[in-house]
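Colleague: Below are the sequence and a predicted model; questions follow.
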There are 2 protein chains.
Amino acid sequence: MTERRLQILDAAATLISERGFTSTSVDDVIKGAKLSGKSHFYHYFKSKEELGYEVLNRQFERFADRGLAILREPMIDPLDRLSLFIDAVVALQAESGGRGGSPFGNLAAELADAHEGFRIRIEAVFERWASQIRSLLWEARPQLQEDVDAVRLSRFIIAALEGAVLMTRVKRDLSVLEGIALDLKRFIAMHVRDGVTTVRPRRVE
Amino acid sequence: MTERRLQILDAAATLISERGFTSTSVDDVIKGAKLSGKSHFYHYFKSKEELGYEVLNRQFERFADRGLAILREPMIDPLDRLSLFIDAVVALQAESGGRGGSPFGNLAAELADAHEGFRIRIEAVFERWASQIRSLLWEARPQLQEDVDAVRLSRFIIAALEGAVLMTRVKRDLSVLEGIALDLKRFIAMHVRDGVTTVRPRRVE
DNA sequence: TGCCAGTAGGACCGAACGGTCCTAATTTAT
DNA sequence: ATAAATTAGGACCGTTCGGTCCTACTGGCA
């Protein structure tokens, strides 16, 4: 029933993350999903716009399964989970072979100013993401310094990761992302209470 | 002579930073620059692609004038310059009213995977930018810890700023960028040698 | 049996796209 | 004065775009 729909969604997701939403034509999606023609496509989606919305949601759910799920693992120390989550983002990017970075970041850069419908939905995605990190930070509160601003820190983490993925794509070099991930972990460690040094890397030598 | 050219370049820069390169048509640029017709435009630029390249260069030069120039001020302490530079990025974004963020980041996200010609040019822009920060970091070497990796740190700074601009556009809230700028400064301060506390903010209360 | 969602495929639409070509008026430098 | 560059403006081209419409064949299910 919805099998073919998912097929279309997947094909569209790949194309959009590689070439952007505007540069991905409905005909491309049809070719990618091996449909017979336009009417076949419009049997499942009422417009290209709606397709875009659903792709965005699906990408987020996928990301939530693979990445955000780690943030909720109840058996692992929250700060370790944060570290694992950052690793997961790196792994996710590694899988795509450097190409086609964060589907949210791409759509955000492309459509945030031009298309209010997308902007709002992307904002919601970021917000859901940020709230996951915020609640993790809240959970890790006993280990953190009192003056840690969870809202600001969560935004910083997301911004750093999004920027890192972008730079990695431009330079076609995964080590860029790896380096930034490392620095990001050090920055987070900076907020840990003195004495509660769970990971706390300082001065390597 | 080249006056009209600059007019076109400016109009195109505005449009591209607002709607992206693909979604900006030559006709839009003509309208924006108040040209008489297509032939008038193609009198100055041989293709839309070439226009894009020149816009990219011009945007970088502008950014270099306003932002990167600060990094080279010889009379100011290097780490203070870095801080001022971050302030300049915030100010630049504030001027555009939250809309149309980093012209490099936008083009990068839109075209890095799709268009090799742009990818290479954007990579060069980032590289020039990174090298400015690297040489500043080199200059500040006596104040920094011995194990500071200038390459990695410069990349981190750029990634954080690019990601911050992106998030700010999505949320239409400049305070996002301001918060991240603050955290970024704290991260940089983390690399300062103990005892040489120029700015070093730790534990506010 | 009849119904209906899914599959298949093609014709077609108006609009927008990047780009070319051509003519002619106006300005500028020599 | 004259040649060259710039400005002006329109016609046109082939292609692609998102989207509609129409026909017809398939399968399963009541």
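Modeller: Cool, the structure landed.
Colleague: Could you confirm whether the helix or strand harbouring A:A160 reaches chain B?
Modeller: In this assignment (DSSP states H and E), A:A160 forms part of helix A:150-171. Yes - Helix A:150-171 comes into contact with chain B (Cβ under 8 Å from any Cβ of the partner chain), by way of A:151-153, A:155-156, A:158-164, A:166-167, A:169-171. C-beta here means a position set from N, CA and C on the backbone, and glycine is covered the same way.
Colleague: in that helix, what's buried?
Modeller: Residues of helix A:150-171 classed as buried: A:150, A:152-171 (neighbour count, 16 or more other Cβ atoms under 10 Å in any protein chain shown).
Colleague: Render the CA-only coordinates of the lengthiest helix in chain A in PDB, please.
Modeller: If you go by DSSP state H, chain A has its longest helix at helix A:116-139. Only the C-alpha atoms of helix A:116-139 are listed here, as PDB (Å, rounded to 0.1, in the frame of the first residue of the first chain):
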ATOM      1  CA  GLU A 116       8.200  29.900   4.900                       C
ATOM      2  CA  GLY A 117       6.500  26.500   4.900                       C
ATOM      3  CA  PHE A 118       9.900  24.800   4.900                       C
ATOM      4  CA  ARG A 119      11.400  27.300   7.300                       C
ATOM      5  CA  ILE A 120       8.800  26.500   9.900                       C
ATOM      6  CA  ARG A 121       9.200  22.800   9.500                       C
ATOM      7  CA  ILE A 122      13.000  22.900   9.700                       C
ATOM      8  CA  GLU A 123      12.800  25.100  12.700                       C
ATOM      9  CA  ALA A 124      10.600  22.400  14.400                       C
ATOM     10  CA  VAL A 125      13.100  19.800  13.500                       C
ATOM     11  CA  PHE A 126      15.900  21.700  15.100                       C
ATOM     12  CA  GLU A 127      13.800  22.400  18.100                       C
ATOM     13  CA  ARG A 128      13.000  18.700  18.600                       C
ATOM     14  CA  TRP A 129      16.700  18.000  18.300                       C
ATOM     15  CA  ALA A 130      17.700  20.700  20.700                       C
ATOM     16  CA  SER A 131      15.200  19.700  23.200                       C
ATOM     17  CA  GLN A 132      16.600  16.200  23.200                       C
ATOM     18  CA  ILE A 133      20.000  17.600  24.000                       C
ATOM     19  CA  ARG A 134      18.600  19.900  26.600                       C
ATOM     20  CA  SER A 135      16.900  17.200  28.500                       C
ATOM     21  CA  LEU A 136      20.100  15.200  28.400                       C
ATOM     22  CA  LEU A 137      21.900  18.200  29.800                       C
ATOM     23  CA  TRP A 138      19.300  18.500  32.500                       C
ATOM     24  CA  GLU A 139      19.900  14.800  33.400                       C
END
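Colleague: That one and DNA strand D, are they touching?
Modeller: No - applying Cβ under 7 Å from any atom of the strand, one finds helix A:116-139 separated from DNA strand D by no less than 12.0 Å.
Colleague: Show me what that helix is packed against.
Modeller: Of the remaining helices and strands, those touching helix A:116-139 by 3 or more Cβ pairs under 8 Å, 6 or more residues apart in numbering or on different chains; DSSP states H and E are helix A:48-63, helix A:69-72, helix A:78-95, helix A:103-111, helix A:150-171, helix B:150-171.
Colleague: Determine the angle, from 0 to 180 degrees, between the last one and helix B:116-139.
Modeller: Interaxial angle of helix B:150-171 relative to helix B:116-139 (axes from the mean of the first three to the mean of the last three Cα atoms, to 10 degrees): 120 degrees.
Colleague: Quick one: find the helix or strand in chain A with the lowest mean pLDDT.
Modeller: Ranked by mean pLDDT, DSSP states H and E, the helix or strand of chain A with the weakest confidence is helix A:103-111, at a mean of 86.
Colleague: so who does the closest residue to A:D10 other than its chain neighbours touch?
Modeller: Excluding the flanking residues, the one nearest A:D10 by Cβ to Cβ, 6 or more residues apart in numbering or on different chains is A:A33, at 7.6 Å. Contacts for A:A33 (Cβ atoms under 8 Å, 6 or more residues apart in numbering or on different chains) come out as A:4, A:7-8, A:10-12, A:41.
Colleague: Highest neighbour count among these?
Modeller: Neighbour tally across these (other Cβ atoms under 10 Å in any protein chain shown): the maximum, 26 neighbours, falls on A:A12.
Colleague: and A:Y42, what does it touch?
Modeller: No contacts exist for A:Y42 under Cβ under 8 Å, 6+ apart.
Colleague: That one sits in which helix or strand?
Modeller: Using DSSP H and E, A:Y42 sits in helix A:38-44.
Colleague: That helix and DNA strand C, any residue contact?
Modeller: Yes - using Cβ under 7 Å from any atom of the strand, a contact is recorded between helix A:38-44 and DNA strand C, made by A:38-40, A:43.
Colleague: got a winner among the residues you listed for most neighbours?
Modeller: Using other Cβ under 10 Å as the neighbour criterion, A:H40 leads those with 14 neighbours.
Colleague: what sits against it?
Modeller: Neighbour list for A:H40: A:I30 [criterion: Cβ under 8 Å, 6+ apart].
Colleague: Check the gap between it and A:R4 for me.
Modeller: Distance of A:H40 to A:R4, computed by Cβ to Cβ, to the nearest Å: 8 Å.
Colleague: what residues are up against the closest residue to A:V148 other than its chain neighbours?
Modeller: With Cβ to Cβ, 6+ apart as the criterion, A:V148 has its nearest non-adjacent residue at 4.9 Å, and that residue is A:H191. Residues in contact with A:H191, defined by Cβ under 8 Å, 6+ apart, are A:144-145, A:148, A:153.
Colleague: how many other residues sit next to A:D147?
Modeller: A:D147: 10 surrounding residues under other Cβ under 10 Å.
Colleague: can I assume it sits in a helix?
Modeller: No - if the criterion is DSSP: H, G, I helix; E, B strand; the rest coil, then A:D147 is coil and not within a helix.
Colleague: do you know how far it is from DNA strand D?
Modeller: Computed as Cβ to the nearest atom of the strand, to the nearest Å, the A:D147 to DNA strand D distance reads 49 Å.
Colleague: and A:D27, what is it in contact with?
Modeller: Neighbouring residues of A:D27 by Cβ under 8 Å, 6+ apart: A:K38.
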